[in-house]
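Enquirer: Sequence and computational prediction follow.
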Amino acid sequence: MKMHKKLLLIGADGADWRYINYGIEKGKLPTIKKLIEKGVSGRLKSLIPPTTFPAWMCFSSGKNPGKIGHFGYKKRLKGSYETETKISNAFPKITPFWRILNKNKLKAGIVNIPYSFPPQKTDEFMVCLAEYRLGKDKNSCYPKDLEQNIIKNIGRLRYESDYTYFNNTIEEQVKESINDLKNRTRLSEVLLKKYKSKLNLFLTIFFPDRLHHFITDSETLMEYYSELDKSIEKIIRLYNPDNVILFSDHGGGAVKQEFYINEFLIKHGFLKLKRKRRFLSKIGFNLENIQKFFAFLRLDSKIVKLIPGKILDEKIKKAIPLKKMTIEDAEIQWNKTIACNLDDVGGIFINLKGREPLGIVEKKDYDRVADEIISKLKNLRDPKTNEKLNIEAYKKEEIYSGEFLDYAPDIIYTINEWDYVPKSRLPGRIFDKGRDPGNHKLYGIFIASGKDFKKGKIEDGELIDIAPTVLKMFDIEKPKDMDGKVLNILK
């Protein structure tokens, strides 16, 4: 293998150009500005839909969701209308690019990748922030003795806020997120002091995304982004890499409205309901806000079971005044339903005969039905302005491929690059004000600076392109089953 080359990869979950550009204009992001001026930068397209959990797996493997088996937080159970949330132990089932580096006698240090617990054997180390802090319940490090080394140096720090965060003021949320950012930076500093001379790759992730769901004001967000800039500068100075890549798994910004796909399907006759059911849905208690509710009570779920029902109901009503019934709480007439959304990101499943338990759409009619739904989607207009919306809509085989294609929604779409966030709930209207003022966006950021990179702009970068590009930087050809392309940014 060639000379000892050092690459620094910094992920900023949800970071967006609208805030980066604002910060540069205000003179608050000098480190990021310098990286842009000396390198190549541009938009980085996320997955469709741009969901954090599969996005980080696709980034790590360079593969599309059809090859990793995850399209959102929920997963359809084959041959059933049920879904399950299954995000634990997902990473061991993929081959991340750093393992390929290891096979080529190159050493990597991996820190903070969301949902990567438990840590995998890696040459040199991997740290997963399970349970929001090291050492709380399970070992979050490989090798195992690394955890005690970290605790000895900086103690048991909190690296990510828990769900009490949702009840805090904007000022408290910013303060907490900055504290978590500083703790993650301290963690990186401890690891680099121990391993920097050995590493060819150091990868660490920060987390502005949580703020983006609650804050859309650029000036307020600059409190966090300016601290992020300082953290990047500290890590660069300590590691002294030959090359730096700063990127995000998706963007973040203001939401115009939520789009209720099942209400859309009902309006156009594709989905038929019998009646509402389940008492708790009437007071807004559903899977989406269970964690928020527990945070409000400051109680463990086991203790909640001991609370008298009347008191519990009153606390739920006070904490979660949500009246939008979930699709799980509706009774669907499957013998009259053509299509439905059952997941968490708006994908549409066709009720196909022979595949679904009570399917009614014949295989010969599958394409016709899909085309009809897509056509009606593309005619959507903003209910306030009556402007036609920019819809990207695809049949699953147009953007996904691989052994898990059967688990994918039959139709996948985005509306105005995620300005209109798809939801499965049933509020009685197709569009409505969102729960959160902000959400994910289809395009994130990409900045590459260093001796191996060209200068200028990049126009066609995708999240899954980073893995094969990193391999190419170390003269390693990408595996044949890797979907991403090598970006045209290398000298």
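Expert: Perfect, thanks for sending it.

Enquirer: which regions of the stretch 1-150 of the chain sit below the pLDDT cut-off?
Expert: 1-3, 88, 130-138 (pLDDT under 70).

Enquirer: what ranges do the helices span in it?
Expert: Remark: helices assigned in the stretch 1-150 of the chain by DSSP state H, counting those that start in this stretch are 17-25, 30-38, 52-61, 65-68, 97-103, 145-154.

Enquirer: just checking, next helix/strand downstream of the lengthiest helix in the chain?
Expert: For the chain, the helix reaching the highest residue count under DSSP state H is reported as helix 170-195. Using DSSP states H and E, the next helix or strand after helix 170-195 towards the C-terminus is strand 201-206.

Enquirer: Just the CA coordinates for the helix or strand following that following strand, please, in PDB.
Expert: Going down the chain from strand 201-206, the next helix or strand is helix 209-212, by DSSP H and E. Output of helix 209-212 as PDB, limited to C-alpha atoms (Å, rounded to 0.1, in the frame of the first residue of the first chain):
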ATOM      1  CA  ASP A 209     -30.600  17.800  12.800                       C
ATOM      2  CA  ARG A 210     -32.500  17.900  16.100                       C
ATOM      3  CA  LEU A 211     -32.400  21.700  16.200                       C
ATOM      4  CA  HIS A 212     -33.600  21.900  12.600                       C
END
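
Enquirer: which residues are contacting the very next helix or strand once past helix 209-212?
Expert: Per DSSP H and E, the first helix or strand lying C-terminal to helix 209-212 is helix 218-239. Helix 218-239 has contacts (CB atoms under 8 Å, 6 or more residues apart in numbering) with 6, 8, 10, 12, 15, 18-20, 22-23, 26, 28-32, 35, 170, 174, 177-178, 181-182, 184-185, 188-189, 192-193, 196, 199, 202, 204, 206, 208, 211-212, 215, 244, 246. All C-beta spots, glycine's among them, are computed from the backbone N, C-alpha and C.

Enquirer: Could you rerun that using 6 Å?
Expert: Residues from elsewhere that reach helix 218-239 (CB atoms under 6 Å, 6 or more residues apart in numbering): 8, 19, 22-23, 28-29, 31-32, 174, 177-178, 181, 185, 188, 192, 196, 202, 206, 208, 211, 215.

Enquirer: tell me the mean pLDDT for it?
Expert: Helix 218-239 shows an average pLDDT of 97 in the prediction.

Enquirer: that older thread, quick check, distance from the longest helix of the chain to the centre of its chain.
Expert: 20 Å (CA atoms, centre = their mean, to the nearest Å).

Enquirer: Now do that helix against helix 145-154, angle only.
Expert: Inter-element angle recorded for helix 170-195 and helix 145-154: 120 degrees (by axes from the mean of the first three to the mean of the last three CA atoms, to 10 degrees).

Enquirer: Can you report how many residues neighbour L29?
Expert: Here the number of neighbours of L29 (other CB atoms under 10 Å) works out to 24.
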